[in-house]
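Participant: Sequence and predicted structure below; questions after.
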Amino acid sequence: MKIREVAIQALCALAGLVIIGCPPPPRRPAEQASQPSPPLPASFPTTRPADTELGSYRLLVRLRLCAIELPLGSASESEEIWRYTDDEVIQAARSANLARNGLRVGLGQADQWNDLAAVFKRLSGRDVSYISTVTLPGRPVAIPAKKRQPGQVVFVLLPDGTVSGADYPPGDALLAVDCAVSEEDPATVHMTVVPQMRSSAIETTIVNRPEGAGFEASQEIYSFPSLQFQATVPEKDFLIIGPTASAGLPGSVGEKFLMVERDGIRYETVFVLIPEVLTAPVRQ
């Protein structure tokens with residue numbers, strides 16, 4: 001396996017780390033391509049949890065998603081954005097490992113959002129725009145971080161102080177987000193987030209279904225389990241995923257997921273996730 005020496009030296013210099021071998025990328029078996037859940041059709045009404053009797057509905061989460069490109073250093077080398085958030089939304093040890101890999105996570109309160117949106121507008125020169133999607137527990141939303149990437153080497157700094165590097169095929173860098181809501185506390189959303197690479201190669205297989213044989217398209221998914229994290233987010237509060245200074249290291253996860261270059265100018269991307277809990281009636 002071919003490893004870029006300059007990248008691995010930069011990573012090792014960060015903490016005098018011990019390099020382990022380069023195993024094949026961690027991957028899940030071929031499966032249907034993970035896509036954002038489609039919005040519910042207009043004929044499928046949703047309500048707030050308090051509007052429906054217990055047991056006659058299913059809890060859903062509507063996510064408002066923002067992807068904001070900022071000048072280099074706006075999030076990775078400044079606290080201007082992060083002062084609106086609490087970094088203790090995830091465990092300290094996991095937060096530290098994410099930071100070494102170029103990722104930072106913060107939780108902000110809903111009443112602070114307008115002020116932060118104004119900061120984003122000033123830094124980017126554009127109003128913050130949203131897309132919305134509805135998700136069910138166990139069906140993660142796939143948020144594209146960088147699409148149509150060439151084959152590349154990605155290095156991961158592991159919690160034990162070692163570095164793992166592997167080649168990944170051409171495809172998309174994704175943030176897979178799974179949302180769950182407890183009926184005992186329907187105003188709180190439990191989010192699980194994991195970075196993934198999705199191969200652009202599509203494999204077609206024949207599968208047996210009750211109505212007969214059919215074709216099924218699938219793509220390979222490669223996850224980074226050591227960078228998976230969970231966060232408890234009160235609905236309408238916001239979760240930010242952005243870069244740290246380590247995202248500038250060649251081959252780092254932060255660089256591969258959050259750094260972009262346009263016309264020779266480098267930018268960094270910040271993702272904002274705002275959940276809202278809805279209910280959908282269950283037909284008997």
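Facilitator: That came through, no problem. Since this is a predicted model, take the numbers as computed values, not measurements. Residues are numbered from 1 along each chain as shown.

Participant: going forward, measure contacts and count neighbours with C-alpha atoms only.
Facilitator: Fine.

Participant: which phi and psi does the residue nearest the centre of the chain have?
Facilitator: Geometric centre of the chain, nearest residue: L175, 2.5 Å, by CA atoms, centre = their mean. Taking degrees, to the nearest 10, you get phi -110, psi 110 for the backbone angles of L175.

Participant: my read: it touches P144, true?
Facilitator: Yes - with contact taken as CA atoms under 8 Å, L175 and P144 are classed as touching, separated by 6.5 Å.

Participant: Give the buried residues for stretch 210-230.
Facilitator: Using 16 or more other CA atoms under 10 Å as the burial criterion, the residues of stretch 210-230 that qualify are S218, Q219, E220, I221, Y222, S223, L227, Q228, F229, Q230.

Participant: Take those residues and keep only those in strands.
Facilitator: In strands, judged by DSSP state E, the following of those are found: S218, Q219, E220, I221, Y222, S223, F229, Q230.

Participant: Was I right to think the second one contacts S199?
Facilitator: Yes - between Q219 and S199 there is a contact under CA under 8 Å: 5.9 Å.

Participant: Can you pull out the low-pLDDT segments for this structure?
Facilitator: Applying pLDDT under 70 to the predicted model, the residue ranges of the chain that meet it are 1-55, 215, 218, 284.

Participant: Could you give the separation of the longest strand along it from the chain centroid?
Facilitator: The strand spanning the most residues in the chain, taking DSSP E as the definition, is strand 265-281. In this view, strand 265-281 has its centroid 9 Å away from the chain centroid, taken as CA atoms, centre = their mean, to the nearest Å.

Participant: Could you name the helices and strands sitting against that strand?
Facilitator: Contacts of strand 265-281 with other secondary structure elements, assessed using 3 or more CA pairs under 8 Å, 6 or more residues apart in numbering; DSSP states H and E, are made with strand 57-71, strand 185-199, strand 238-243, helix 253-258, strand 259-262.

Participant: Go through the helix or strand that comes right after the first one and flag the buried ones.
Facilitator: On the C-terminal side of strand 57-71, the nearest following helix or strand under DSSP states H and E is helix 92-100. Of the residues in helix 92-100, those buried by neighbour count under the rule 16+ other CA under 10 Å are R94, S95, N97, L98, A99, R100.

Participant: what do you get for stretch 250-270?
Facilitator: The neighbour-count criterion (16+ other CA under 10 Å) identifies 250-260, 267-270 as the buried residues of stretch 250-270.

Participant: and what of stretch 103-117?
Facilitator: Quick answer for stretch 103-117 (16+ other CA under 10 Å): L103, R104, V105, G106, L107, G108, Q109, W113, L116.

Participant: Give me the subset of the residues you listed that lies in strands.
Facilitator: Reading strands off these with DSSP E, I get L103, R104, V105, G106, L107, G108.

Participant: can you put the residues you listed in a markdown table and add distance to A75?
Facilitator: Formatted as a markdown table, those follow (distance: CA to CA, whole Å):
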| residue | distance to A75 |
| --- | --- |
| L103 | 10 |
| R104 | 9 |
| V105 | 11 |
| G106 | 12 |
| L107 | 15 |
| G108 | 15 |
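
Participant: Noted, bye for now.
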